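S.K.: predicted coordinates and the sequence they were generated for:
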Amino acid sequence: METTEQSNKSGIEKFRPYFGLLKPVKTQFAGGLSMGILYGAASGFGLPFLLYKIIPLVSADPRPDIWKMAAYIAVFPVAMLIRSASGFINTYLISFCGMRVLIQLQSRVLRKLQALPLGFFHENTVGDLMARVTGDTLALQQVLTKVANDLVKQPVTMIGAVSALIYLAVKEQDVWFLMLFLATMPLIILPLRVFGKRILKRAKQVQAQSGDISKYVSENLSAVREVRAFNLQENEITRFDQALDNFCHLSMKVVKYSNIVRPTVEVVGVFCVSGAVVYMLEKNIIAAAASMLAALYMAYDPVKKFGEIHVAMKKGEAALERIEYVLHAENYVPEPGHPVPLENVRGQVDFENVHFRYLEEWVLKDVTLSFKPGSVVALVGPSGAGKTTIADLIPRFYDVQQGEVKIDGIDVKSVSKEALRSVISVVSQDTFLFNDTILENIRIGRPEATDEQIFEAARHAFAHDFILELEEGYATVVGERGTRLSGGQKQRIAIARAFLKQAPILILDEATSALDSESEKKIQVALERLVCEKTVFMIAHRFATIRMADTIVVMEDGYVRGVGSHDELYNSDELYTKLYNRQFSGD
Ligand SMILES: Nc1ncnc2c1ncn2[C@@H]1O[C@H](COP(=O)(O)OP(=O)(O)OP(=O)(O)O)[C@@H](O)[C@H]1O
């Protein structure tokens, strides 16, 4: 998946699609650009030109008087002042524009991640995505800061210096000097190309390896219990050490190739300058020597810096490619072009000839079901039968490949995801709480709710009392992922959220983990209150919940095997009877 159309492009082409992001800072960019041009012209052409013009004046015979000399010489500090000031303003403005572009890029990545469907997060690990969103954007930022300094200045300096060389060659009627300079160019550009390719390859490997490292760390930190319970610490350390070793090995290759470019260019440059000196002595053009050497230096120096820019750009390309993996990821659950409004939802839900697969294998096969508003539906069946999948299709966590899922007769694919999800509450078995206060965690259900409405929802969910017993009550911060609360308490907070949301459709993924009987009883009563006047889909792992349901759907291997009430199915549906009896004999 990494090899997108983008990755076939090279160099500046890769960055071209992002030039549009410069729009909001176009004035600063234009300012930076003109300052860079001024700097480049002053360095590349200005200095050799001034030397060429002023040296004969100050060394004229007879010597000019001291005031005239001072005036001639003063031109150099003034020129230097212009060069330094424009150089500084250029770097500042270009860095500013770069940062603004980067911020927009980061924001695009996060926006894209919000839009991507659940499937994307199953295909990619959190650690790797974290590395792409933070590590790779940071790498890009470092590249940018490095490159911004030289991006405009150096090419213009080079053009200026080459123009100065041409000017001097014409003035001195000596083109050989110019030829000598041009002949050395391929010698300098060759190592840039060779090493640049290697750097790109290695930099990509380094970034991927850093993704792996971050994957190990995030896995290790989210499985602290398992790691200790199964004595996996040593394994984890070995795995991590190996990844670090590999990272170090690859990073050193990048260091090697990055740092070989500059000395190579320097050595070739020194040979050429030495050749030029010999040539000038031989030709006896000493008068123009200072300006020619200055022009030569000004022409080689940018090449040396190009080397560094090239290296940095290659590292940037590697980081950009990894970021683009997210930016260009296909959204399998797209927003409709012209969303149909979904208003005053009654809660009729229909599945019409639904076929669905995550990968190759169909996990739902020709499912056709129809539920009236207010139905309380229990989905039962052996593990892996497709119960969760059916429920996930209603809020479009996934899209069906064949058939339709409809709410009040409207295909869910034709309404906006936001509108669709605003009419559905989901209470999952693994409640996620944000590291915020209990009050704010419940408010997620309806952001505009008043505190009083939140307390009311918590009362309905049997959460109010235990919350008040906490030292800081509703202001208690729950800890990362809600670690400071028990499983049952977290679930009651999830139910309170659903009470607050009051959506006409409710999906309840019943908890599989055993709760103490007190907690379970309260949750049961809270759920019974919650399901009132809603169309409810319960993924029933335990049959105790089933008595709330008026319709039971029996699933097996992706097929619907039976639909009816408990009384209708018990004894008439073999699979249901078996599942039911097994639960109760096991309880
Ligand atoms: N993200 C996924 N990627 C690939 N296959 C999946 C994914 N999620 C579920 N499956 C497969 O789809 C099938 C149906 O899974 P589903 O979770 O809907 O079953 P279930 O009836 O809810 O099971 P359980 O009672 O164990 O939760 C299973 O074979 C499962 O392995």
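M.R.: Yep, that arrived.
S.K.: and the residue in the stretch 201-350 of the chain that the ligand sits nearest to, helix, strand or coil?
M.R.: Distances between the stretch 201-350 of the chain and the ligand by CB to the nearest ligand atom are smallest at residue 332, namely 12.0 Å. In short, each C-beta sits where N, CA and C put it, glycine included. Of the three states, residue 332 takes coil under DSSP: H, G, I helix; E, B strand; the rest coil.
S.K.: so it sits against residue 401, correct?
M.R.: No - applying CB atoms under 8 Å as the test, residue 332 and residue 401 come out as separate, 9.8 Å apart.
S.K.: residue 305 is in contact with residue 155, correct?
M.R.: No - the pair residue 155 / residue 305 is not scored as a contact, 9.6 Å apart, by CB under 8 Å.
S.K.: and the helices in the stretch 51-200 of the chain?
M.R.: Along the stretch 51-200 of the chain, the segments classed as helices by DSSP state H, counting those that start in this stretch run 66-115, 118-123, 126-130, 137-148, 153-171, 176-222.
S.K.: got the buried residues for the second one?
M.R.: Judged by neighbour count (16 or more other CB atoms under 10 Å), helix 118-123 contains these buried residues: residue 120.
S.K.: can that helix be said to contact the ligand?
M.R.: Yes - legend: contact between helix 118-123 and the ligand by CB under 6 Å from any ligand atom is shown at residue 122.
S.K.: from the chain's centroid, how far away is that helix?
M.R.: Mean-position distance between helix 118-123 and its chain equals 14 Å (CA atoms, centre = their mean, to the nearest Å).
S.K.: for that helix, C-alpha coordinates in CSV please.
M.R.: Extracted in CSV, the C-alpha atoms of helix 118-123 (Å, rounded to 0.1, in the frame of the first residue of the first chain):
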residue,chain,number,x,y,z
LEU,A,118,-12.8,1.4,11.8
GLY,A,119,-11.3,-1.1,9.3
PHE,A,120,-8.3,1.2,8.7
PHE,A,121,-7.4,1.0,12.4
HIS,A,122,-7.6,-2.8,12.4
GLU,A,123,-5.2,-2.9,9.4
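S.K.: quick one: mean pLDDT over that helix.
M.R.: Averaging pLDDT along helix 118-123 gives 86.
S.K.: what's it in contact with?
M.R.: By CB atoms under 8 Å, 6 or more residues apart in numbering, the list of residues contacting helix 118-123 from outside reads 129, 329, 332, 358, 392, 397-398.
S.K.: pLDDT on stretch 413-430, on average?
M.R.: Confidence for stretch 413-430, expressed as mean pLDDT, is 89.
S.K.: which of the residues in it are buried?
M.R.: Using 16+ other CB under 10 Å as the test for burial, stretch 413-430 gives 413, 415, 417, 420-421, 423-429.
S.K.: same question for stretch 38-58.
M.R.: For stretch 38-58, the neighbour count (16+ other CB under 10 Å) marks 38-52, 54-55 as buried.
S.K.: same question for stretch 57-73.
M.R.: The neighbour-count check on stretch 57-73 (16+ other CB under 10 Å) flags residue 72 as buried.
S.K.: make 130 the starting number, not 1.
M.R.: Sure, I'll start numbering at 130, so the last one becomes stretch 186-202.
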